[in-house]
Each structure stands twice: as C-alpha cells, then as structure tokens.
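Novice: Structure of the sequence below:
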Amino acid sequence: MNWAPRAMLAMLSGIFLFTAGCRPAADTHVADEAAIRAADAITLNAAQAKNVDQVISNYAEDAVWLPPNAPIVKGKQAIRAGWSQFLAAPGLRINWQIAKVETSRSGDLAYTFYTYQMSMQGRDGKPIVDHGKDVAVWKKQGDGSWKMVMDTFNSDLPATP
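Specialist: Predicted structure coming up:
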C-alpha cells in the first residue's frame, strides 16, 4: 500500500486548516461605528424625553459615570439614580453631538468624544446655561451590542467660586 498520497493529502489539509485559521478577522469598524452612533441616538432621544430607563439601557451593568463636581457613580442602578435626579431638573433641555468615534483594532472597545449644550432652571429660578464636552468608553458585549462602561463630562465654562 502506498502511503505517500495519503500523507500528502493529510499535509495539504493541515496547511489549509492552519492558513484558514490565520486569516485576519473581518473589519467591522464601519458597522461598529454605526452601531455606537445608533445606540447614542437612542440615549440622546431618551434624555430629551426624560425617559431614564431608556437612557440607562446603553450602560453596562458595571459602568462608571463621572459627573462633574460629584463623586464617582458605580454600577447601572447607581447611574440610574443619578440620571433620574439629573432629568428631574426643572426646565432641563439637553443636546449633544458626537464629534468622533474611534474603535480599537481588536474591535471590542471604542470611545466617543462629544460636545453638549444644556439649560435648566436654577434653585433661585434663574436659568442655568452650560456647554462642554463628554467622553464615553464603549465595550462590545457578548451579543454584539455596544454598552458604555465609562462616561464623563465637564463644562467649558469657568468654575464659579
């Protein structure tokens, strides 16, 4: 029995399987950016509608929220409480725009850079107007969706004494 053809076939099969496993993964950056922008649009619309449940739907369970002049807020339920308080501000109007979305080479992390504008009624009844910037870190979940794992923002206005 001649084993040479079988050995050659086995060797070629091994080479094929090895090289097939070495192919680079498909580039999903465009789709990932679109998914993040869509998730962010849901969050913005929800914030404008003062729908806290929808706002927090794009935060991971172990997310961290870093609001200005306040302690770190850890976990989705604590973030929910923070957003509930924020959205309850009288006369709140908020808008933001993504200036940049950057995804990692590995395709599992991304960040977004924003600008925002907001206004609300102060405790003294006078309007408060603010504008600034925001950075969010997003992580791709096991189901392919993107969730924020960190979110921070701060004002462009000078600090008040």
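Novice: Would you check that Ser119 makes contact with Arg93?
Specialist: Yes. Between Ser119 and Arg93 there is a contact under Cβ atoms under 8 Å: 5.0 Å. (C-beta placed from N, C-alpha, C; glycine too.)
Novice: Look at those two and report which has more neighbours.
Specialist: Ser119 (15 against 12; other Cβ atoms under 10 Å).
Novice: Mind listing what's buried along the helix or strand where that one lies?
Specialist: Using DSSP states H and E, Ser119 sits in strand 109-121. Buried residues in strand 109-121, defined by neighbour count with 16 or more other Cβ atoms under 10 Å: 109-112, 114, 116, 118, 120.
Novice: now the residues you listed in a markdown table, with distance to Phe86 and pLDDT?
Specialist: Shown next, in a markdown table, are these (distance: Cβ to Cβ, whole Å; pLDDT from 0 to 100):
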| residue | distance to Phe86 | pLDDT |
| --- | --- | --- |
| Leu109 | 26 | 98 |
| Ala110 | 24 | 98 |
| Tyr111 | 22 | 98 |
| Thr112 | 19 | 98 |
| Tyr114 | 16 | 97 |
| Tyr116 | 12 | 98 |
| Met118 | 10 | 97 |
| Met120 | 9 | 97 |
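Novice: Go through those residues and name the one nearest Ala38.
Specialist: Minimum distance to Ala38 across these is 12.2 Å, recorded for Thr112 (Cβ to Cβ).
Novice: can you confirm Val137 is in a strand?
Specialist: Yes. Assessed with DSSP: H, G, I helix; E, B strand; the rest coil, Val137 lies in a strand.
Novice: what number of residues lie near the nearest residue to it once chain neighbours are set aside?
Specialist: In this structure, Val137 finds its nearest non-sequential neighbour in Met150, 4.2 Å apart by Cβ to Cβ, 6 or more residues apart in numbering. By the measure other Cβ under 10 Å, the count of residues near Met150 is 16.
Novice: For Met150, name its beta-bridge partners.
Specialist: Beta bridges link Met150 to Val64, Val137, judged by DSSP bridges.
Novice: how close does it get to His29?
Specialist: Distance, Met150 to His29, by Cβ to Cβ, to the nearest Å: 20 Å.
Novice: With Ala99 instead?
Specialist: On the measure of Cβ to Cβ, Ala99 and His29 end up 17 Å apart.
Novice: No more questions from me, cheers.
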